[in-house]
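[1] Here's a sequence, model it:
(chains A and B)
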Amino acid sequence: MPEMKETPLRNLDAFDRRLLNTLQRGLPLVRHPWEELAHSLSSTPEQIRQRLQELLDDGVLTRFGPMFDIESLDGAFTLAALAVPEDRFDTVAEQLNAMPEVAHNYRRDHTWNMWFVLACASPEALAATLARIESETGLLILNLPKEKTYHVGLHFPL
Amino acid sequence: MSDCISLSDQPVDPTLARRLIELTQAGLPLVDDPWAWLAARLNMTPEEALLLLKQLQANGLIRRIAAVPNHYRLGYRHNGMTVWDVDDARIDELGHSIGSLPYVSHCYQRPRREGWPYNLFAMVHGLDATDIEHYRYSISAMLGDACRAHEMLVSTRILKKTGLRLPPPASC
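    Residues are numbered from 1 along each chain as shown, chains lettered A, B, ... in the order given. Reported below is the predicted structural model:
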């Protein structure tokens, strides 16, 4: 189970920082993107890809690739919460985490202490999943599907 | 700009879009010619694969092709879900302002519920606990009297994080 442990950040040098800042904004959609990137970073395509692979292997990067707005394609999604009694917290966490429909699950410091995102193929499947969680846990769900998106963008300046 | 508009008007075959997602949702391999890698698997030319990516970016299915950092490893270990009870008449204007703040990663309108009066959600990230407290105060100041109540729910443990994957077509 992933924990928020204090992992010291390995030495990111000036090149790493420029590379990551650039690539958080995105690979240019041109015929030869690595060449263009290499040019702007005064490097070579091979060196850039090797460093990216190291950062992926090391866990500094979790992923490199297209960032999809899956929700614009199909499926049904929601953010939901449970107020889980403390003595049942770990059991309920295991129940939820075992479900493939649960994409993220966070403990938060609140009466509503378990917050999770559900991803299902259809609105009907989502409703069934919500009902199943309520019946399996015996807890009431706070169901908060998004109504409007004002901003999505993770950019962590380095 | 007109190039963008004409691209986003092009419908993309949903089967093709789904196939592209399946191929790359775990990541794009770090090969010399990524569009040729995709093209070989989608039975098209590298130029067509690149055009497909541009179309999908123009119509919003692809935000960008990017490196996703593990923000805990980068030092951004503190995250707070700030929730606000905001005047409905002003929520769009305020949602866009709050969403454009550099430390806000996600900003959404969500429904109020019985005992849960909050309609605006903004996720804030910081290097330490005082950072996110400052962010909360800044947002509070920006919302002013358009906001009746708010809370910040600090994340204390990741229980699961697989990311949003394409739901299987005939399950769930």
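
[2] Excluding chain neighbours, what is closest to whichever residue of chain B sits closest to chain A?
    Taking Cβ to the nearest Cβ, chain A has its nearest neighbour within chain B at B:Gly99, 2.8 Å off. For every residue, glycine as well, the C-beta is placed using N, CA and C. Among residues not flanking B:Gly99 along the chain, A:His151 sits closest, at 2.8 Å (Cβ to Cβ, 6 or more residues apart in numbering or on different chains).

[3] Spit out the contact partners of the one you found.
    B:Gly95, B:His96, B:Ile98, B:Gly99, B:Ser100, B:Val104, B:Ser105, B:His106, B:Cys107 (Cβ atoms under 8 Å, 6 or more residues apart in numbering or on different chains).

[4] Please identify the helix or strand for the third one.
    In other words, B:Ile98. Here B:Ile98 is covered by helix B:91-99, with elements defined by DSSP states H and E.

[5] In that helix, which residues are buried?
    B:Ile91, B:Leu94, B:Gly95, B:Ser97, B:Ile98, B:Gly99 (16 or more other Cβ atoms under 10 Å in any protein chain shown).

[6] So what's the gap between that helix and the chain middle?
    Centroid separation between helix B:91-99 and its chain, computed with Cα atoms, centre = their mean, to the nearest Å, is 16 Å.

[7] ok, then the element right after that helix?
    strand B:104-109.

[8] Would you mind putting the CA coordinates of that following strand into CSV?
    The C-alpha coordinates for strand B:104-109 follow below in CSV (Å, rounded to 0.1, in the frame of the first residue of the first chain):
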residue,chain,number,x,y,z
VAL,B,104,-4.5,24.8,-7.8
SER,B,105,-4.3,21.5,-9.8
HIS,B,106,-8.0,20.8,-10.1
CYS,B,107,-11.0,23.0,-9.8
TYR,B,108,-14.6,21.8,-10.2
GLN,B,109,-18.2,22.6,-9.5
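
[9] right, is it up against chain A?
    Yes: using Cβ under 8 Å from any Cβ of the partner chain, strand B:104-109 reaches chain A at B:Val104, B:Ser105, B:His106, B:Cys107, B:Tyr108, B:Gln109.

[10] quick check: angle from the helix holding B:Ile98 to strand B:104-109?
    Per axes from the mean of the first three to the mean of the last three Cα atoms, to 10 degrees, the angle that helix B:91-99 makes with strand B:104-109 is 170 degrees.

[11] what packs against helix B:91-99?
    Judged by 3 or more Cβ pairs under 8 Å, 6 or more residues apart in numbering or on different chains; DSSP states H and E, helix B:91-99 is in contact with strand A:148-152, strand B:104-109, strand B:120-126, helix B:129-143.

[12] still on that earlier bit, if we take the residues of strand B:104-109 next to chain A, which one ends up nearest to A:Leu118?
    Nearest to A:Leu118 out of these is B:Tyr108 (Cβ to Cβ; 15.1 Å).

[13] from what I can see the closest one touches A:Pro145, true?
    No: counting by Cβ atoms under 8 Å, B:Tyr108 stays clear of A:Pro145, with 9.5 Å between them.
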